[in-house]
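J.: Show me how the following folds:
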Amino acid sequence: QVQLVESGGGLVQAGGSLRLSCAASGRTFSNYGMGWFRQAPGKEREFVAAINWDGGIRSYAESVNGRFTISRNNAKNTVYLQMNALRPEDTALYYCAQARGPMATNRGAYVYWGQGTQVTVSS
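T.: The predicted structure is shown next:
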């Protein structure tokens, strides 16, 4: 059974940084694409960033491109999201997800989800 456990969320002032981590277990981590999504109150869950199985391909939502960086360490079965220059509009519950295949950017291609970690950015 696949488990994804996020950590690293918290409260930060605008302009600050946070690093989210997601530890995976249950199947061969290096075979699958990983992604980060977020959901703000009253809004739909939206794509933030994705990385392919070996880290060679990355994709970002336009709203975070240039500020956020997704990375992975296959030896540690962990994916990361480095968030810099945070804005109040980045406030959301951030979810880690594992794709059905080696890479995906659309929500429907993700089959396993973590419970989420809250990120709150104050102005």
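
J.: how about the nearest residue to Gln98, chain neighbours excluded?
T.: Tyr112 (4.3 Å; CB to CB, 6 or more residues apart in numbering). To be clear about C-beta, it is placed using only N, CA and C from the backbone, and glycine gets the same treatment.

J.: now what about whichever strand or helix holds that neighbour, what contacts it?
T.: Per DSSP states H and E: Tyr112 is located in strand 110-113. Residues from elsewhere that reach strand 110-113, judged by CB atoms under 8 Å, 6 or more residues apart in numbering: Val2, Leu4, Gly26, Gly35, Phe37, Tyr95, Cys96, Ala97, Gln98, Ala99, Arg100, Ala104.

J.: what about the residue nearest to the fifth one when sequence neighbours are not counted, neighbour count?
T.: With sequence-adjacent residues excluded and distances taken as CB to CB, 6+ apart, Phe37 is closest to Tyr95, at 4.7 Å. Counted with other CB atoms under 10 Å, residues neighbouring Tyr95 total 22.

J.: My guess is Tyr95 contacts Gly9. True?
T.: No: using CB atoms under 8 Å, Tyr95 is not in contact with Gly9; the gap is 10.8 Å.

J.: what about Val48, which helix or strand?
T.: strand 46-51.

J.: partners of that strand, with directions?
T.: strand 34-39 (antiparallel), strand 58-60 (antiparallel) (DSSP bridges).

J.: Let me know which of those strands is tucked in deepest.
T.: Of all the strands paired with strand 46-51, strand 34-39 has the most neighbours on average by mean count of other CB atoms under 10 Å, namely a mean of 24.
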